[in-house]
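Participant: Can you look at this prediction? I've put the sequence above it.
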Amino acid sequence: LDCAGSALAATWRLFVTGFCFAMFGLAGLVLGLTVFPVLALLPGGSRRHGRRARRVLQYAMRTFVWLMTGMGGMTYEYRGAEKLGRPGQLIVANHPSLIDVIFLIGFTPAAVCVVKAAMWRNPFTRLPVTAAGYVSNATTATMIEGAAEALAAGESVIMFPEGTRTTPGEAMRFHRGAASVAIRAAQVVTPVYIRCEPTAGLVKGLPWYRIPDRRVHLTLEVGEDIDVAPFRSAGQQPPAASRAFNDHLLRTFEQELVRRGLA
C-alpha cells in the first residue's frame with residue numbers, strides 16, 4: 001500500500017509539473033497577444049508602459065506560485081520579501097533551480113529582470129519580456145548599460161551573478177556583470193539566498209520530468225544589504241573595483257549559504 005501511495009503521489013507531481021509548465025507558456029502567449037497590446041495603448045511613455053507590464057507579470061508569477069503550491073507540486077518559504085522593490089535596488093541571487101526567477105519576479109514589485117537573450121527568440125516569452133522592458137544578456141556591454149539605466153531611473157533590478165543555473169556538485173562562479181552594474185549605478189545591493197531541495201528536474205542538466213521522490217521545497221532568504229560604497233571610494237578604476245566587489249559578493253554568498261544551512 002505504501003508503494004502504491006508513493007507511486008500515485010509521484011504520478012500526480014509529474015502531472016502537476018507538466019501542467020504548470022504548459023500553463024506558464026500558454027499564459028505568456030496569451031498575455032503577449034491580448035493584455036500587453038492593450039496596455040501599450042494607455043497614456044504614458046515607454047518607461048511607464050514597461051512598469052505596467054511588469055506589474056502584470058508580477059501578478060502572473062504570484063498566480064503561478066499559487067498554482068504550483070495549491071496543486072501540491074511544491075512548497076516554499078520566503079523570508080524577508082518585504083525588503084525587495086526599493087528604488088535603485090540591485091537584487092542578486094544564487095540560481096539553483098529553474099523556478100528561482102518566478103519567485104523573485106512574483107514577490108518584487110515591478111522589477112526589471114536581466115534574462116537570457118534566448119527569451120527574445122522564444123514565441124511564448126518574446127512578447128512579455130519585450131513589453132516589460134527586461135534587459136537582455138546578449139552582450140555584456142548592453143546588459144550592463146541596460147541594467148544601470150534602469151537603476152538610475154529608480155527601478156529595482158534582478159540579476160543572477162552566475163548567469164545560469166548552478167550545476168549540482170560544482171562551486172559557484174560569479175561573472176562580473178552584476179558587480180559592474182552595482183559599482184556603476186546601484187543605490188543598494190540586496191542578496192537573496194536560495195536553496196532548492198530536492199533538486200531533480202529543476203536543476204541544470206536534468207529534464208523537467210525527472211520527478212524527485214518527494215515534493216520540491218524552495219527556501220528563499222533575503223539577506224542584509226551589501227555596502228558597495230567602499231569599493232567605489234577605494235581609488236580603483238571601475239574594472240578593478242568590479243573585480244574586487246565580485247570577489248566580495250561571491251565570498252558573501254558562499255559564507256551565508258553555509259551559515260544559514262542553505263548550502
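Facilitator: Noted; the coordinates are in hand. Residues are numbered from 1 along each chain as shown.
Participant: and the nearest residue to residue 126 once chain neighbours are set aside, what does it touch?
Facilitator: Using Cβ to Cβ, 6 or more residues apart in numbering and skipping residues adjacent in sequence, the residue nearest residue 126 is residue 120, 5.3 Å away. Heads up, the C-betas are built off the backbone N, CA and C, glycines and all. Contact analysis of residue 120 by Cβ atoms under 8 Å, 6 or more residues apart in numbering lists 126, 129, 130, 136.
Participant: Residue 183: neighbour count?
Facilitator: The tally of other residues near residue 183 (other Cβ atoms under 10 Å) stands at 25.
Participant: my read: it touches residue 241, true?
Facilitator: Yes. The pair residue 183 / residue 241 is scored as a contact, 5.0 Å apart, by Cβ atoms under 8 Å.
Participant: Next, show the common contact partners of these two.
Facilitator: 231, 232.
Participant: coming back round to it: return the subset of the contacts of residue 120 lying in helices.
Facilitator: Those of the contacts of residue 120 mapping onto helices are 126, 129, 130, per DSSP state H.
Participant: quick one: least confident of those?
Facilitator: The member of the ones in helices among the contacts of residue 120 with the lowest pLDDT is residue 126, at 90.
Participant: Which pLDDT value goes with the residue nearest to residue 126?
Facilitator: 89.
Participant: what ranges do the helices span in the stretch 51-200 of the chain?
Facilitator: 100-106, 126-132, 140-152, 177-185 (DSSP state H, counting those that start in this stretch).
Participant: Can you pull out the low-pLDDT segments for the stretch 51-200 of the chain?
Facilitator: 200 (pLDDT under 70).
Participant: residue ranges of the strands in it, please?
Facilitator: Along the stretch 51-200 of the chain, counting by DSSP state E, counting those that start in this stretch, strands occupy 74-79, 89-93, 112-115, 135-136, 157-159, 188-197.
Participant: what packs against the last one?
Facilitator: Looking back up the chat, that one is strand 188-197. Judged by 3 or more Cβ pairs under 8 Å, 6 or more residues apart in numbering; DSSP states H and E, strand 188-197 is in contact with strand 89-93, helix 100-106, strand 216-222, helix 238-259.
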